[in-house]
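Trainee: please find the sequence and the predicted model below.
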Amino acid sequence: MGRNKLPVDIENMLDLLSSGMSNKETAEQLGITVPTLLDRIETLKREEANLLAYEKVQHLDLIGVQQRLIAGVTDKKIEDAPLQHIANAYGIFKKAEQLVTGRPTEIHGLMGYLMHLEKEDVEKANKEVVDITPMGECTDG
């Protein structure tokens, strides 16, 4: 079985280590031994590896579903399907792929990104517009 693990504030541990403290200094600050600190670091590495493996499997599952659906699509089915259904199906798969890979779904392609930036610039400019003409003065020539 083994002993119960001492509770360690992981966020604080990571902050201390990222600030440049040595393992010994960090362990002393947290009130634990260096071996306990190293054990927590290894546990975090394993958990991160498991999470990355899960994300990879999740992406592969999505690809597998796409492949099964595509395999079931025949030329006849495509010919019979309304264009709207085909476009919707493509959009759904593309959005799911973007979500799984961590890319934003609200901005599509370079043009969408550029339009988003332009919209932000316009909104910023509208907030900064200040009327400096004195009241009653006409600015027409």
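Mentor: Sure, I can see it.
Trainee: what residues go with each domain of the chain?
Mentor: 7-53, 73-127 (automatic domain parsing).
Trainee: pick out the shakiest of those, pLDDT-wise.
Mentor: Lowest mean pLDDT within those: domain 73-127, at a mean of 76.
Trainee: got the end-to-end distance for that one?
Mentor: Its first and final residues considered, domain 73-127 spans 51 Å by Cα to Cα, to the nearest Å.
Trainee: can you check which helix is longest in this structure?
Mentor: The residue-count maximum for a helix in the chain (DSSP state H) belongs to helix 34-72.
Trainee: out of the domains of the chain, nearest to L62?
Mentor: Ranking these by their distance to L62 (criterion: Cβ to Cβ) puts domain 73-127 first, at 5.6 Å. Quick note: C-beta positions are derived from backbone N, CA and C, even for glycine.
Trainee: how far off centre is the closest one?
Mentor: Chain-centre distance of domain 73-127: 17 Å, with Cα atoms, centre = their mean, to the nearest Å.
Trainee: ok, stretch 36-46 next?
Mentor: Mean-position distance between stretch 36-46 and its chain equals 25 Å (Cα atoms, centre = their mean).
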